[in-house]
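Enquirer: my questions concern the predicted model and sequence given below.
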Amino acid sequence: MCGRISLYSTPERLSRIFDAELSPEVDRDRPTGFNVPPTRRILGIAATRDGAPHEPGGEFRRRLGRYRWGLVPPWATDLTIANRLFNARGETVATKPSFRAAFATRRLAVPADGFYEWKSGPGKERLPYYFERSDGQPLAFAGLWEQWQGPGPNPDQEVPLLTCTIITTEAGADVADVHDRMPVILERDALDEWLDPDNQDRPELESLLVAAPAGTLVRHRVDKRVGNVRNDDPGLMEPIDQAQ
């Protein structure tokens, strides 16, 4: 599961790191937040050709744009389905009706500076941990995007509305003793393979949907304030004294 991320890097910095042009609607200097839950706007890197995002055929470039976190398939009648489609399981993403069309041609990478997971503690206590790359660079999660036109109510007042989901897999060594799932992390050399909408090689694509190798991530305990999405400040990522 991945239901909370930090994305404090500016879009301008992310565009340089991931070699992606900025979509016109993105404020290059405005970070997203330190405690970002589903249904909020996040950033995604998708394919674009000759200024036309998401169109197949020919060479593509990377474009960094804004997406509402929580996938809304084209056939959905309203946005409520996004509340349960903010993650997609890598084991079934190619075949599940909610995701299979997007998996075929509408893949993206979701940049993040880190993510939070909760570990079961004594009784019903849940202990939050913050995960980030061990090399200090931003993460790139495997994801999917969709374009939704309606016909139901759209409080975002955007037509079409671009939405996305983050793909998860069975947790690897860096995460397993905190949570049994983790987001799929794409390394830089796999980005074009994943983003290319003309890539129809399902076995090749599914081979990317695995846990990151041990040592990719580091983690530490953080304050329980992160459980409230109204809290959004750098202190949420700071390590706490676990003896207290």
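Expert: Thanks, I have it.
Enquirer: how about stretch 79-93: buried residues?
Expert: 79, 81, 82, 85, 86, 87, 88, 90, 93 (16 or more other C-beta atoms under 10 Å). Where C-beta positions appear, they are placed from N, C-alpha and C, glycine not excepted.
Enquirer: do you know how far residue 66 is from residue 238?
Expert: When C-beta to C-beta, to the nearest Å is applied, the distance between residue 66 and residue 238 equals 28 Å.
Enquirer: the two - which one has more neighbours?
Expert: For the pair residue 66 and residue 238, the greater number of neighbours falls to residue 66 (17 against 12), based on other C-beta atoms under 10 Å.
Enquirer: which residue, other than its chain neighbours, is closest to that one?
Expert: For residue 66, the nearest residue in space outside its immediate sequence neighbours is residue 41; the separation is 5.2 Å by C-beta to C-beta, 6 or more residues apart in numbering.
Enquirer: wait, doesn't that neighbour sit right on residue 65?
Expert: No - using C-beta atoms under 8 Å as the test, residue 41 is too far from residue 65 to be in contact (10.1 Å).
Enquirer: neighbour count for these two, which is higher?
Expert: For residue 41 versus residue 65, neighbours defined as other C-beta under 10 Å are more numerous around residue 65 (23 against 16).
Enquirer: tell me which helix or strand comes right after the lowest-mean-pLDDT helix or strand in the chain.
Expert: For the chain, using mean pLDDT, DSSP states H and E, the weakest element among its helices and strands is strand 52-53, scoring a mean of 54. For strand 52-53, the succeeding helix or strand toward the C-terminus, using DSSP states H and E, is strand 61-69.
Enquirer: what pLDDT, on average, does the helix or strand just after that next one get?
Expert: Reading on from strand 61-69 to the C-terminus, the next helix or strand found by DSSP H and E is strand 87-89. Model confidence over strand 87-89 averages 98 on the pLDDT scale.
Enquirer: any idea how far strand 87-89 is from the chain center?
Expert: Strand 87-89 sits 10 Å away from the centroid of its parent chain (C-alpha atoms, centre = their mean, to the nearest Å).
Enquirer: contacts for that strand next, please.
Expert: Outside of strand 87-89, the residues within contact range by C-beta atoms under 8 Å, 6 or more residues apart in numbering are 1-3, 71, 96, 98-99, 144, 165-169, 181.
Enquirer: for the residues you listed, which one is nearest residue 122?
Expert: When the contacts of strand 87-89 are compared for distance to residue 122 (C-beta to C-beta), residue 1 wins out at 21.3 Å.
Enquirer: contact partners for that closest one?
Expert: The contact partners of residue 1, taken as C-beta under 8 Å, 6+ apart, are 87, 117, 168, 179, 181.
Enquirer: please report how far the first one lies from residue 103.
Expert: Pointing back at residue 87 there. Counting by C-beta to C-beta, the gap from residue 87 to residue 103 is 14 Å.
Enquirer: report the buried residues of stretch 182-190.
Expert: Judged by neighbour count using 16+ other C-beta under 10 Å, the buried positions of stretch 182-190 are 182, 183, 184, 185, 186.
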